[in-house]
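[1] the amino acid sequence is not available; the structure is as follows:
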DNA sequence: ACGTAGAACGTACGATGTACGTAAAGTCGC
DNA sequence: GCGACTTTACGTACATCGTACGTTCTACGT
């Protein structure tokens, strides 16, 4: 029997195996050995299928709080939970981030973030702002990471050389830092910005 | 005479008027009173056209440095320059951000950012990290902003009511902050995070 | 046994990107 | 002026996409 759940599973598998461009209703149907239009008995549209993917993937967010940890540790844990699902479903996460899906995170992670912000001593309006800033950073880091990967594809041979060969009087820093600019360690990049952020929150008046 | 420039102009106008979904080769051709395939004499593919749009739009970035300003002011100015083009071409900016285009910013803004970071006293590798973190924030803020707009469309009548009607024992903070969560002032949200960031940079060891 | 609901299916339509061949309009050497 | 060549505009045609619509088949309550 076909079901919305099985369709979403197949779609996720398909996206992770062959990329988001491979996600077509026909491909999903083929994955399930089913006729295309049968899908529409369980999913009203492709957009709804994307929504389903988003909810399934984001539903994997670990929201448990660690007892006894201070708000900074809690915040780190929450953000890293997001990173974890991004690592487990990289292609799907791009789908979710780029095609702006309704309520991408769902309510529960939002509540969790507000709880943490409150426990850090922020008032309501500030908590909302803080949450928004961190969400922006997390989303953007995800985006930037895939941009980076694509860029490294475009410059095959030796990416660092491409930067290094620019005019060093017009672009002194870029040429000097060619190596660093093309080195790609998403995790440490992300952690750097995250600690920057949390440190900044710590200095905020409360 | 047709030209790559005119095609890009038409495409930008089209996107800003009718949204990114309206961007089709046929629509661009119609805008220019020209047959569809004529476009392909000047633009090798739709992807290349997107690239062209990105370069034209991002080329409008104001990179002049203000003499005598300290690095913090310079940084603010650079980031706000990005915000300005996002405000001038909101729909195009979404295209650029979501469809990850090769070298979205070009080299010059990167050089500029590295100059500023160096003038703040950061070493090379740290400068690159700092730049990446801020880029992530700027991209993410843009994304989050349009997600927000879409969300407010989905919840027509009174968006705050939708949040407020959730179970207040399961989501105490969300229900209490319904008003703040649906209030939308992108500029002040962005500035809040930006100042957070710059403040954090200021406390970084150098 | 029979009627009804739901699920699976097949056909078909409009929209999209673009490969390919053709024709007209310059551009150059002579 | 004239032929050779290049550039530009165009039209046709095809594969692929999402999905509206009508039809068949299966399962089940009565």
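    That came in fine, so what should we check first? Please read these numbers as outputs of a predicted model, since none were measured by experiment. Numbers count the residues shown, from 1 in each chain, chains lettered A, B, ... in the order given.
[2] can you map out the strands along chain A?
    Using DSSP state E, no strands are found in chain A.
[3] contacting residues for the residue in chain A positioned nearest to chain B?
    Of all residues in chain A, residue A:140 sits closest to chain B, at 2.7 Å by C-beta to the nearest C-beta. For glycine as for every other residue, the C-beta is placed from the backbone atoms N, C-alpha and C. Contact analysis of residue A:140 by C-beta atoms under 8 Å, 6 or more residues apart in numbering or on different chains lists B:135-141, B:143.
[4] I'd like these written out as JSON lines, with pLDDT added.
    Putting those into JSON lines (pLDDT from 0 to 100) gives the following:
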{"residue": "B:135", "pLDDT": "95"}
{"residue": "B:136", "pLDDT": "96"}
{"residue": "B:137", "pLDDT": "97"}
{"residue": "B:138", "pLDDT": "95"}
{"residue": "B:139", "pLDDT": "95"}
{"residue": "B:140", "pLDDT": "95"}
{"residue": "B:141", "pLDDT": "95"}
{"residue": "B:143", "pLDDT": "93"}
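[5] show me what counts as buried in the lowest-mean-pLDDT helix or strand in chain A.
    For chain A, counting by mean pLDDT, DSSP states H and E, helix A:159-164 ranks last in confidence among helices and strands (a mean of 77). In terms of neighbour count (16 or more other C-beta atoms under 10 Å in any protein chain shown), helix A:159-164 has its buried residues at A:159-160, A:162-164.
[6] same check on stretch A:39-50?
    Residues of stretch A:39-50 classed as buried by neighbour count (16+ other C-beta under 10 Å): A:39, A:42-43, A:49-50.
[7] among those residues, which pair sits farthest apart?
    Farthest pair in the buried residues of stretch A:39-50 (C-beta to C-beta) is A:42 and A:50. Separation: 14.5 Å.
[8] quick one, longest helix in chain A?
    For chain A, the longest helix by residue count, based on DSSP state H, is helix A:124-154.
[9] sorry, back to before: between the contacts of residue A:140, which is nearest DNA strand C?
    Of all these, DNA strand C sits closest to residue B:143, with 22.3 Å by C-beta to the nearest atom of the strand.
[10] wait, isn't residue A:194 in contact with residue A:78?
    No. Applying C-beta atoms under 8 Å as the test, residue A:194 and residue A:78 come out as separate, 10.7 Å apart.
[11] what is the neighbour count of the residue nearest to residue A:8 when sequence neighbours are not counted?
    In this structure, residue A:8 finds its nearest non-sequential neighbour in residue A:52, 4.4 Å apart by C-beta to C-beta, 6 or more residues apart in numbering or on different chains. Residue A:52 has 20 neighbours, counted by other C-beta atoms under 10 Å in any protein chain shown.
[12] same check on residue A:33?
    Residue A:33 has 7 nearby residues by other C-beta under 10 Å.
[13] and residue A:156, by the same measure?
    Number of residues near residue A:156 (other C-beta under 10 Å) recorded here: 8.
[14] quick check: residues of chain A near DNA strand D?
    Proximity of chain A to DNA strand D, by C-beta under 7 Å from any atom of the strand, involves residues A:23-27, A:36-37, A:40, A:45-47.
[15] which of those sits closest to DNA strand C?
    Scanning the residues of chain A next to DNA strand D for proximity to DNA strand C, where the rule is C-beta to the nearest atom of the strand, the winner is residue A:37, at 3.0 Å.
[16] I'd like the distance between that closest one and residue A:9.
    19 Å (C-beta to C-beta, to the nearest Å).
[17] so between these two, which is more surrounded?
    Neighbour count, other C-beta under 10 Å: between residue A:37 and residue A:9, residue A:9 has more, with 17 against 9.
[18] please tell me how far that one sits from DNA strand D.
    17 Å (C-beta to the nearest atom of the strand, to the nearest Å).
[19] for residue A:64, give me the backbone phi and psi.
    phi -60, psi 140 (degrees, to the nearest 10).
[20] run a quick neighbour tally on it.
    With other C-beta under 10 Å as criterion, residue A:64 counts 9.
[21] so residue A:97 sits against residue B:143, correct?
    Yes. Between residue A:97 and residue B:143 there is a contact under C-beta under 8 Å: 6.7 Å.
[22] and for these two, which residues touch both?
    By C-beta under 8 Å, 6+ apart, residue A:97 and residue B:143 have these common neighbours: A:139, A:143.
[23] returning to what we had before: now the longest helix of chain A: buried residues?
    Quick answer for helix A:124-154 (16+ other C-beta under 10 Å): A:124, A:126-148, A:151.
[24] what of stretch A:5-14?
    A:7-12, A:14.
[25] with stretch A:74-93 instead?
    Buried residues in stretch A:74-93, counted by 16+ other C-beta under 10 Å: A:74-83, A:85-86, A:89, A:91-93.
[26] check what pLDDT the most far-flung residue of chain A relative to its centre gets.
    In chain A, the greatest distance from the average C-alpha position (C-alpha atoms, centre = their mean) is reached by residue A:169, at 37.3 Å. The per-residue pLDDT reported for residue A:169 equals 90.
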